[in-house]
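[1] here's a sequence, model it:
(one chain, ligands or ions: 2)
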Amino acid sequence: ENCACNTCDAATKKLYEKAKSERIDTIWDRALAMQPQCGFGEMGLCCTNCSMGPCRIVKISEDGPKAGICGATEDTITSRNFARAVAAGAAAHSDHGRDIALALYHAGDKTRIRNEEKLFKIAGEWGITVEGKDTVQIAREMAERALGEFGKVFGKLQFLQRAPEKRIKLWDELGVAPGAIDREIVEVLHSTHMGCDADYRNIIRQAIRAALSDGWGGSMIGTELSDVLFGTPMPKKVEANLGVLKKECVNIVVHGHDPTLSEAIVLASRDPELLELARKQGAEGINVVGMCCTGNEIAMRQGIPMAGDFFQQELAIVTGAVEAMIVDVQCIMPSLATVAKCYHTKLITTSPKAKIPGAIHIEFNEQKSLEIARRIVKDAVMNFKNRKVEVFIPDDKSEGRIGYSFEAIIKALDRVTNSFAHPSGTVKPLVDAIKSGVLRGAAAIVGCNNHRQPHNTCHVTLAKELLKRDIIVVTTGCGAHACIKAGLMDKDARKYCGKGLATVCELLDIPPVLHMGSCVDISRILVLLSEVAKYMGVDISDLPVAAAAPEWMSEKAQSIGLYAVASGVYVILGVPPAVTGSENVTGYLTKGLESVLGGRFEIENDPVEAAAKIAAHVENRRKRLGI
Ligand code: BF8
Ligand code: SF4
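    Ligands and ions are numbered 1, 2, ... in the order given. Presented below is the predicted three-dimensional model:
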């Protein structure tokens, strides 16, 4: 408990030690200093929704208030807090999606739309006529339609039609099919306002609508339109961990979430003029690497190295080798400014939505993206000479094959198709492998890092435990960083697999852990689940699948968890959400919801136990399906 940096990652450990010796505080030191953390907050029993509060419910003894000043009970307070967290998460993902739609709207010329095939595919899906229109026109129309999803007055979200029929029907019956994304988020804020909704079931119902508007709305728009703009990810080899930084090069870390910024930085870093300038400064080249979800986005599409996860952001600077860290939105620790001050690193914020005191702000906009990116890269290059401390880059790095978009998975499956048994372009080979029992099922391991759980250990242990049970793993976000660092996306990882899964990996030439992208790309998992369910003629909740977020921490993760549950998935959380102060709310989320939606939450912090629970769930579903 008292060991501050409990990680299984060697690079992290080494750089944490360096930080200590240089008296730099990092996430682990601050977490330790925060102990003991507030029990009321932890259990969700504190309400600050009006200025009569803060109110807190005392659970540990008979004495003390059992209701807020307005009379709100523990059920009301915890469910309201949870719903607000979900709404904030849905807002973050969806606003990211909106920015991508705006980038598509402003794309302007054809060269900036790299994936016409996907453009036409979505146009077909949305009923946008393409005859007689050029690419830019179609893109603009599609962007407008996507932007309309945020505030349309009537109807349901367009991407909901991708779900299996039974699921759509269920959502309609329950009244949880989201209408417009912004509206669903607003309704959570309204209904959880002081003196409004007090019924925890109804509060969670509205939270479900907001969460679904994230997964099947904002996130899916983010993913799909990013593919249109920048290309659909396809398998490629990349390197990962902080060892990807290069002592002799200008190192630029791009960190955050929106691929429009990082794609432009990558392009600028290849500009011959800037390369020449870098050489004049004594550097061998310009090395762009990615952190957190931005790292996933540009690794998946451009093969840029994945420098590290959420807990490694400060440590990248501690190497003393980073000329610039360029950030946009979400999961960017404000502490970066403090750490950067102790080195020569320039911390550059780029979004009007996320400024950090102590950072340099260079506002990014899509219309002038390359121009701005060049300026930023030039700043980094000119900073090469200012390195202060002795550079230390740990030699820890690993390699893996990533880029498994839904389309890439279908393509991999095509390897075993022949015209009779397996028509190409379908999920049939996957379904066959599951039906025959060669694969017992599939699980998603997603989410963040959290000091309440040993860093990376939970992701990696859970993955290995599942692989040996012939459960194939898909991953996104910081979970993907953990898995690639541990070598689980390497061919060699077959050694962790049971016989069935090893054979499947061999036949399809895939690693047993498939990197499906950033956190908004969990929408790709929804698409995959839907296609498998439709092919089998069942609902998502019938499939032998599960999801886990063993080290989650963000509001986005709560939104994802809830939309997965509402889509019929069994979701294990390694860290409990702040609802444990109410037995009713906790019971509803972890048990009650199953009879309503077919999915539910489970709280389990031990990854070995979590794997056993997932396996039990998978076997239960197999039995129900009669396979
Ligand atoms: O959206 S996994 S720490 S980086 S929230 Fe953040 Fe969590 Fe990482 Fe991306 Ni997702
Ligand atoms: Fe207290 Fe009720 Fe106000 Fe919350 S809404 S702070 S419980 S009085």
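
[2] got the residues of this structure near ligand 2?
    Proximity of the chain to ligand 2, by C-beta under 6 Å from any ligand atom, involves residues 47-50, 52-55, 68-70, 72, 77, 194. C-beta here means a position set from N, CA and C on the backbone, and glycine is covered the same way.

[3] and Ile627, how far from Asp542?
    11 Å (C-beta to C-beta, to the nearest Å).

[4] who has more neighbours out of those two?
    Using other C-beta atoms under 10 Å as the criterion, Ile627 and Asp542 rank with Asp542 on top: 17 against 13.

[5] hmm, that one is touching Leu625, no?
    Yes: the pair Asp542 / Leu625 is scored as a contact, 6.1 Å apart, by C-beta atoms under 8 Å.

[6] mutual contacts of those two, please.
    Here Asp542 and Leu625 have Met536 as joint contacts, going by C-beta atoms under 8 Å, 6 or more residues apart in numbering.

[7] low-confidence bits of the chain, can you list those?
    Per-residue confidence for the chain (pLDDT under 70) gives these ranges: 1-3, 418-422.

[8] centre-most residue in it?
    Centroid-nearest residue in the chain: Cys519, 1.6 Å away (criterion: C-alpha atoms, centre = their mean).

[9] what residues does the stretch 351-500 of the chain put near ligand 1?
    Residues of the stretch 351-500 of the chain lying close to ligand 1 by C-beta under 6 Å from any ligand atom are Gly447, Cys448, Gly477, Cys478.

[10] just send those residues back as CSV, with secondary structure, neighbour count and distance to Ser554 too.
    Formatted as CSV, those follow (DSSP: H, G, I helix; E, B strand; the rest coil; neighbours: other C-beta atoms under 10 Å; distance: C-beta to C-beta, whole Å):
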residue, secondary structure, neighbour count, distance to Ser554
Gly447, coil, 32, 8
Cys448, coil, 25, 6
Gly477, helix, 33, 9
Cys478, helix, 35, 10
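
[11] and the residues you listed as TSV, adding distance to Arg98?
    Converted to TSV, these look like this (distance: C-beta to C-beta, whole Å):
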residue	distance to Arg98
Gly447	23
Cys448	23
Gly477	20
Cys478	23
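
[12] can you name the element that comes right after the longest helix anywhere in the chain?
    Criterion DSSP state H: the longest helix present in the chain is helix 74-105. Next helix or strand after helix 74-105 toward the C-terminus (DSSP states H and E): helix 116-126.

[13] now do that next one: which elements does it pack against?
    Secondary-structure packing of helix 116-126 (3 or more C-beta pairs under 8 Å, 6 or more residues apart in numbering; DSSP states H and E): helix 135-148, helix 219-230.

[14] need phi/psi at the residue in the stretch 101-250 of the chain positioned nearest to ligand 2.
    Proximity of the stretch 101-250 of the chain to ligand 2 (C-beta to the nearest ligand atom) peaks at Met194, 4.0 Å away. The phi/psi pair for Met194 (degrees, to the nearest 10) reads phi -50, psi 130.

[15] count of neighbours near it?
    Residues near Met194, counting by other C-beta under 10 Å: 15.

[16] make sure it is actually in contact with Thr48.
    No: the pair Met194 / Thr48 is not scored as a contact, 10.1 Å apart, by C-beta under 8 Å.

[17] which residues sit in contact with the residue nearest to the centre of the chain?
    Cys519 makes contacts with His93, Ser219, His257, Cys293, Val446, Gly447, Thr476, Gly477, Lys556, Ala557, Ile560, as judged by C-beta under 8 Å, 6+ apart.

[18] helix, strand, or coil at it?
    coil (DSSP: H, G, I helix; E, B strand; the rest coil).

[19] quick one: residues contacting the nearest residue to it once chain neighbours are set aside.
    Setting aside the residues directly before and after it, Cys519 is nearest to Gly477 in space (C-beta to C-beta, 6 or more residues apart in numbering), at 4.3 Å. Gly477 sits next to Cys292, Cys293, Asn296, Val446, Gly447, Cys448, Ser518, Cys519, Ile522 when contact means C-beta under 8 Å, 6+ apart.

[20] roughly how far does Gly195 sit from Asn584?
    Taking C-beta to C-beta, one finds Gly195 at 20 Å from Asn584.

[21] gap between Lys411 and ligand 2?
    Per C-beta to the nearest ligand atom, to the nearest Å, Lys411 is found 52 Å from ligand 2.

[22] and for that residue, the neighbour number?
    By other C-beta under 10 Å, neighbour count at Lys411 equals 16.

[23] cool, the one 5 residues further on as well?
    Here the count is done by other C-beta under 10 Å, and Val416 has 17 residues near it.

[24] mind checking the SS state of the closest residue to it other than its chain neighbours?
    Closest residue to Val416 apart from its sequence neighbours, by C-beta to C-beta, 6+ apart: Pro429 at 4.9 Å. Taking three-state DSSP as the rule, one finds Pro429 in the helix state.

[25] what's near enough to touch Pro429?
    Pro429 sits next to Leu413, Val416, Thr417, His422, Leu508 when contact means C-beta under 8 Å, 6+ apart.

[26] selection in ChimeraX covering whichever of those are buried, please.
    Typed into ChimeraX, the line below selects the buried ones among the contacts of Pro429, using 16 or more other C-beta atoms under 10 Å:
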select :413,416,417,422,508
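
[27] out of the contacts of Pro429, which comes closest to Arg270?
    Nearest to Arg270 among those: Leu508, at 32.6 Å, using C-beta to C-beta.

[28] which residue packs closest to the closest one, ignoring adjacent ones?
    Excluding the flanking residues, the one nearest Leu508 by C-beta to C-beta, 6+ apart is Ala412, at 4.7 Å.

[29] what kind of secondary structure is that neighbour in?
    Classified using three-state DSSP, Ala412 is helix.

[30] next, count neighbours for it.
    Applying other C-beta under 10 Å, we find 19 residues neighbouring Ala412.

[31] so the protein: which segments form each domain?
    According to automatic domain parsing, the chain comprises the domains 74-230, 242-386, 405-625.

[32] and the residue of the stretch 451-600 of the chain closest to ligand 2?
    As assessed by C-beta to the nearest ligand atom, ligand 2 sits closest to Gly581 within the stretch 451-600 of the chain, at 12.6 Å.
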